[in-house]
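>>> coords please:
(chains A, B, C and D)
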Amino acid sequence: MMPSSHLLSLRGAPHLHADSAVPRLMLHSVIALLPVSVFAVFLFGLAALATVAVAILACLLAERVCGPRSALGDGSAILTGLLLGLSLPPALPLWMVAFGAFVAVAVGKHLFGGLGGPAFHPVLVGRVFLQAAFPSAMAQAWVAPLAAGRATELPATSLALPFLTPDAPYDGISGATPLSALKAGEAGEPLLSLWLGTVSGSVGETSALLLLLGGLYLVYRRVIDWRIPAALLGSVALFSAVLHAIDPERFPAMMTALGSGALMLGAWFLATDPGISPTTRRGAWLYGLAIGLLVVVIRQFSGQAEGVMYALLLGSALTPHIDRWTRPKPLSEGVEE
Amino acid sequence: MFGLRPAFPGGVRLPAVERHDSDALIRQMAFASLLRLPLRQHAGAASVAVVQPGDEVMRGQLLARAEADTAVPLHAPATGRVVRISAQPDGDGAAVGVIELAPAAGDTQEEITGRPLDPARCSPDELLRAIGDAGLVGLGGEAGSTHERLVRARAGGARVVVINGIEGEPGQARVPALLLRHGPDVIQGLRMVLRVLQTERSLLAVESHDGEAAGKLVQTVGADCGLTLRVLPPRYPQGAAGLLLRSLASNGADLNRAEAVVFSLATIAEIGRLLSRGWVMTDQLLTLSGDGLDKPGNYRVPLGTPIAFALAEAGARGDVERVLLGGPMRGKAVAGLERPIVKATTGLVAVAAGSAAGVPEPMACIRCGDCVTACPVQLHPAELGLLARRGENEAMFTDWYLDRCIECGCCSYVCPSHIPLVQMFRAARLQQRRLQRLAGEEVPA
Amino acid sequence: MADAGMISEREDGVERLRLGFWRENPILVQALGMCPVLAVSNTGVNALTMSLATTFVLLSSAIVISTIRGIIPRQVRLACFVLVIATFVTLTDMAVEAFALELHQALGAFLPLIVVNCMILSRIEIMASRQPISVAALDAIGMGAGFMLGLVTLGSLRELLGRGTLFGAQVMPDRFEPWQVMQLPGGGFFTLAALVIGFTLLDRSLKRWREVPA
Amino acid sequence: MTEQRGGSGLASVLRIQGVLVAIALSAGLAIALVHEWTRPMVMAQRGGLLGDAALEVMPGAASYRIYVRSADGGLRPMGDDDTPELFIGLDEGGHIVGAAVVGSGMGYADVIQLVYGVDPAAGRLTGMRVVASRETPGLGSVIVDDKDWVDTFTRIHLPFDGEQNLRNLRVRSNANHEQGEVDAISGATVSVVSVTRIISSSLADWLPILKAEFDELSGGDRG
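Model prediction:
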């Protein structure tokens, strides 16, 4: 029979909702990162596994300590930990990994007001903190890819006691990442292994190809705005092609410039974070363009071999201004009937 | 895609609409034992009752006279007796007179017949007067006096009549019913409007799922009154007139926005249906939908029918938890089922318990900008939401143009954090209106 | 004798000494003189030298200004203050350069920049130009000590975490991994923020502790 | 607000000026006195830091003389207000044994100041010491701390092309010191390149002067 009026529930329109929710966005991002994570473990063995696991655990711990109880479930802490773990050198002492992850969430996220608050990506805050605090470890904690015994033992440096320098020396592969090798004037890696990722580098920044696939998955799932990576990679391609044309000796070719895993990770997974990127479509283009330009400038005209991290930080500082410039003009005509 | 693109900014793509044969069905709804007829059923001034309690009235007889320009006359939906005339609160809380009419049991309920009009033989003024006398209002949602609208359109030099054949809300199926069952009425109505405006050019806009039905209509009868068809890709809220005109213009329609006047398909069909038979407006074509109904579909519902009665007729189940006037995107949830169906009602949705449950808790804004992309009038809902939370209503209007919000609900629909954006905006605008009313009342005092 | 505008109620010198050190601490409460605070607080020795130099300039300027406060015309008082302060800064700069060149190089431009340390100018304007020598001097000592408290704490912390040493002596374990960021200006910002938080909490709990017996 | 308390307008202005001038004069006097007193100490210290480094990069030198470039492009002994630019090293017997040049330029973090020893006659470097730098500790700071690397500068020959024009020093891993190549250090690319660049550009300036003046100086010394 008919319901009586007093049982009716009242709620303002709309009564429909799209199938998008913050935890779902986080879940898809994690899924998109799985291939490169698996590949990282294959490439670097236990070292990669431990780095990522410790980063995630430390992020969860920090979230539990600093955040509201409900926030643990939204998946953002796991994603932060995963991204941070993937962006670190594999043999970094695990206490540094945990320290950086804690800083990322406690300082980078909750000091800025929690989810949606930070003006800078928490992962970048954690990464930059580690880079600034422990530059020599960050510059040396590399391991060779596909090393024997990687599946059964951790690098000695990973197990350094908290706050102490590891007893064992770092492997210290010369020119740890392909780009820094190029910068130092050494021969570059072949283009194919550069893209496939069978090179030395950060845990999850070796395979540009897998990161690219993950990014495309996110675009397909409508989790990220495709304009940002398109503009970012496009502008890196454009500016590096121009430089290469001017002086092929000094500047690497376009495909080499694009084949950096750090660039891919930044373009698809960090730059697209909704909190640090502009809200409008025009803004997204400008934002990607600016970061791409910064990447090329920092790589080629500063001491850094890889400029993605700092370019992203600078780019996200631009975001509020881009948002103001590209603020949409409301339509004026009446719209009813 | 395929050369078609919705060319207003933003909007959302709702789940695709599939049409069935049953969508074209129109069922006549029986009379309830008591019809409650508010003296104001549309967006405009109330009319003035011309009957007394106890009067016996015939179906189609005038019950209330329009005195203001924006008012429309009200006619008896059924032969019966006026039981009572009282002041009752309407949906917004203002008091309005309500005529309560008890239909005579066992009456054949035939429509009293006035003079049928033929657009080819009447003068524009004659037609215009007849439209006014029939008590017609816009049936697409805006619900202003159709007479007044035509008068304004004629004064404004409207040259093109755009028939808005786009459902205002998801779940509604009035358009296929009108196209397939009321084709001749649509054509008659169009002829009358063209004659009133003394122009030749007209255009029918539908979304692709109704393209086939509209094509048939235009092919069979449309050609001789200059009606062209435009099929647009579906996108909510394309039914809003201003957005529809933008969409048409960028889909290649030769259209000067200043010269166009938009009427909903339902209004045009109703003009044709009523005037060509000499009838007046006594009922309303509605889609009753929602998972709480066993017999959803299109119904012709007498004005004044209580919502509870209409739902029961459509086979409402016991677990209906929420009832919406209109549709799921903009519809108001009703608090009392005794409220009547009126001229402004465009649809009725009965939501079963369970499907409406589990409204997710709002989370913090992650500044994703989805709402900015979705807003069809290019406001900045995220920023507005922030201001609303801080209670800075003033700035919402002065700096962020809240007065231009059409409350389509797209922002709330897309928000991944489930922030009730449009709900907050509605509250802010309500408060703003109250403040303005207060200020306005103080001036003469 | 003094211009009417310069006369104000005589303050209690001992009270000023206490206030400057704690409740009105120039770094931790008033956040004055941030430029040298962040730039030269990377080691304890630098911080100590800097705060000694600043205290010396503040104290000498306060004494001189307080002495001649009766003859300084109101209209040009700022010019006079800056002249006196700049003189003492130059003297200090030259002295440090002569006796400790390495320190002088470490402190760089920040030694001369004591001239524009807003703490000094504000103390001169608020106290020294209106109070007798004894009060002005006690105030300057209090403020200088407060400045030293903040700066040396900051410097020691940064040195400890950033180098594992304290005033040059190794205190952390041998294999301690220094946090290089502490030696950079960014680390100065972090540490200062943490220090201000810590100071506020400490002050609050001290107050509560004091109120309990009462 | 108008100022009336100081008596008539003119008197007031005079008083203001008088006080200002008096304070300024005493300040100037104080500064002059202290300057006179500290100047010799400062000069002694300044020469000291660079001079110690200079002695280290000139093998066999026991003392030195300090020169700067004069306006006409030649050399003159350092005056009171000059900063040292060139050290000429003398052995126990007062014979000239080498030259050390002060160079500076931008490094990774800040300006790097260094002293390098050069033997113009033999066409080789005799050593290098970084005097002031703010390179990242643990990374760029190897240009100070890495003794092995610093020592390689005693073995590096100046690179000349076929026409005896000086080429720039270059950084390479597995460097050939005979060809004017400097070893690269992983992780300290910028600092190493900066040091190399500073020496290269300084050499380009100084080598012609040294060649021209060296004989004259040594001749004068012997004579």
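>>> For residue B:184, which three-state class applies?
Here residue B:184 is recorded as helix under DSSP: H, G, I helix; E, B strand; the rest coil.
>>> hang on, it packs against residue B:221?
Yes. If you go by CB atoms under 8 Å, residue B:184 and residue B:221 touch, sitting 7.0 Å apart. (C-beta placed from N, C-alpha, C; glycine too.)
>>> in chain C, which spans are helices?
C:13-21, C:34-39, C:44-67, C:77-99, C:101-107, C:118-123, C:133-163, C:185-211 (DSSP state H).
>>> Now those in TSV, please, with extra columns for distance to residue C:27.
TSV is the format used below for the helices of chain C (distance: least, CB to CB, whole Å):
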stretch	distance to residue C:27
helix C:13-21	11
helix C:34-39	6
helix C:44-67	9
helix C:77-99	19
helix C:101-107	17
helix C:118-123	8
helix C:133-163	3
helix C:185-211	8
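>>> To chain A, which of those helices lies closest?
Taking CB to the nearest CB, helix C:185-211 is the member of the helices of chain C nearest to chain A, at 6.3 Å.
>>> and the closest one, what other elements does it pack with?
helix A:122-133, helix C:34-39, helix C:133-163 (3 or more CB pairs under 8 Å, 6 or more residues apart in numbering or on different chains; DSSP states H and E).
>>> By mean pLDDT, show me the worst of those helices.
Lowest mean pLDDT of these: helix C:34-39, a mean of 79.
>>> what's that helix in contact with?
Contact with helix C:34-39 is made by C:27, C:50, C:54, C:108, C:110, C:113-114, C:116-117, C:150-151, C:154, C:185, C:188-189, C:192, as judged by CB atoms under 8 Å, 6 or more residues apart in numbering or on different chains.
>>> of all these, which comes closest to residue B:155?
Nearest to residue B:155, judged by CB to CB, of these is residue C:189 at 67.2 Å.
>>> tally of neighbours for the closest residue to that closest one other than its chain neighbours?
Of all residues not flanking residue C:189 in the chain, residue C:38 sits nearest, at 6.6 Å (CB to CB, 6 or more residues apart in numbering or on different chains). Neighbourhood size, residue C:38 [other CB atoms under 10 Å in any protein chain shown]: 18.
>>> Please read off the pLDDT at the residue in the stretch 51-200 of chain A that chain D sits nearest to from the model.
As assessed by CB to the nearest CB, chain D sits closest to residue A:136 within the stretch 51-200 of chain A, at 3.5 Å. Residue A:136 is assigned 81 on the pLDDT scale.
>>> cool, and residue B:266?
94.
>>> pretty sure it is touching residue B:140, no?
Yes. Using CB under 8 Å, residue B:266 is in contact with residue B:140, at 6.2 Å.
>>> when you scan the helix or strand hosting the residue of the stretch 51-200 of chain A closest to chain D, is anything in it near chain C?
According to DSSP states H and E, residue A:136 maps onto helix A:135-140. Yes. Applying CB under 8 Å from any CB of the partner chain, one finds helix A:135-140 touching chain C at A:135, A:136, A:137.
>>> Please convert the residues you listed to a markdown table, extending it with neighbour count and distance to residue C:170.
Formatted as a markdown table, the residues of helix A:135-140 next to chain C follow (neighbours: other CB atoms under 10 Å in any protein chain shown; distance: CB to CB, whole Å):
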| residue | neighbour count | distance to residue C:170 |
| --- | --- | --- |
| A:135 | 19 | 21 |
| A:136 | 20 | 18 |
| A:137 | 23 | 20 |
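>>> Make a markdown table out of the residues you listed and add distance to residue D:171.
Shown next, in a markdown table, are these (distance: CB to CB, whole Å):
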| residue | distance to residue D:171 |
| --- | --- |
| A:135 | 20 |
| A:136 | 20 |
| A:137 | 24 |
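>>> Could you work out the end-to-end span of stretch D:90-101 for me?
Taking CA to CA, to the nearest Å, stretch D:90-101 runs 15 Å from one end to the other.
>>> which of the residues in that stretch are buried?
Across stretch D:90-101, burial judged by 16 or more other CB atoms under 10 Å in any protein chain shown covers D:90, D:96, D:97, D:98, D:99, D:100, D:101.
>>> residue closest to the middle of chain A?
What sits nearest the mean C-alpha location of chain A, by CA atoms, centre = their mean, is residue A:270, with 3.9 Å.
>>> Pretty sure that residue sits against residue A:121.
Yes. The criterion here is CB under 8 Å, and residue A:270 meets it with residue A:121 at 5.4 Å.
>>> Overlap in contacts, the two.
With contacts defined as CB under 8 Å, 6+ apart, the residues shared by residue A:270 and residue A:121 are residue A:312.
>>> near chain B at all, the helix ranked longest in chain A?
Counting by DSSP H, the longest helix found in chain A is helix A:22-44. Yes. Residues of helix A:22-44 contacting chain B under CB under 8 Å from any CB: A:22, A:24, A:25.
>>> Now stretch A:51-71 - C-alpha only, PDB.
Written as PDB, here are the backbone C-alpha positions of stretch A:51-71 (Å, rounded to 0.1, in the frame of the first residue of the first chain):
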ATOM      1  CA  THR A  51      61.100   0.500   0.200                       C
ATOM      2  CA  VAL A  52      57.500   0.600  -1.000                       C
ATOM      3  CA  ALA A  53      56.200  -1.400   1.900                       C
ATOM      4  CA  VAL A  54      57.900   0.800   4.500                       C
ATOM      5  CA  ALA A  55      56.800   3.900   2.700                       C
ATOM      6  CA  ILE A  56      53.100   2.800   2.800                       C
ATOM      7  CA  LEU A  57      53.300   1.700   6.400                       C
ATOM      8  CA  ALA A  58      54.900   4.900   7.500                       C
ATOM      9  CA  CYS A  59      52.200   6.900   5.600                       C
ATOM     10  CA  LEU A  60      49.400   5.000   7.200                       C
ATOM     11  CA  LEU A  61      51.000   5.500  10.600                       C
ATOM     12  CA  ALA A  62      51.300   9.200  10.100                       C
ATOM     13  CA  GLU A  63      47.800   9.400   8.800                       C
ATOM     14  CA  ARG A  64      46.600   7.600  11.900                       C
ATOM     15  CA  VAL A  65      48.500   9.900  14.200                       C
ATOM     16  CA  CYS A  66      47.800  13.200  12.500                       C
ATOM     17  CA  GLY A  67      44.500  12.700  10.600                       C
ATOM     18  CA  PRO A  68      40.900  12.200  11.500                       C
ATOM     19  CA  ARG A  69      40.100   8.500  12.200                       C
ATOM     20  CA  SER A  70      37.800   8.300   9.100                       C
ATOM     21  CA  ALA A  71      40.500   9.400   6.700                       C
END
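>>> residues in contact with that stretch?
A:37, A:40, A:72, A:76-78, A:80-82, A:84-86, A:88, A:90, A:92, A:94, A:97-102, A:104-106, A:109-110, A:114-115, A:158, A:203-204.
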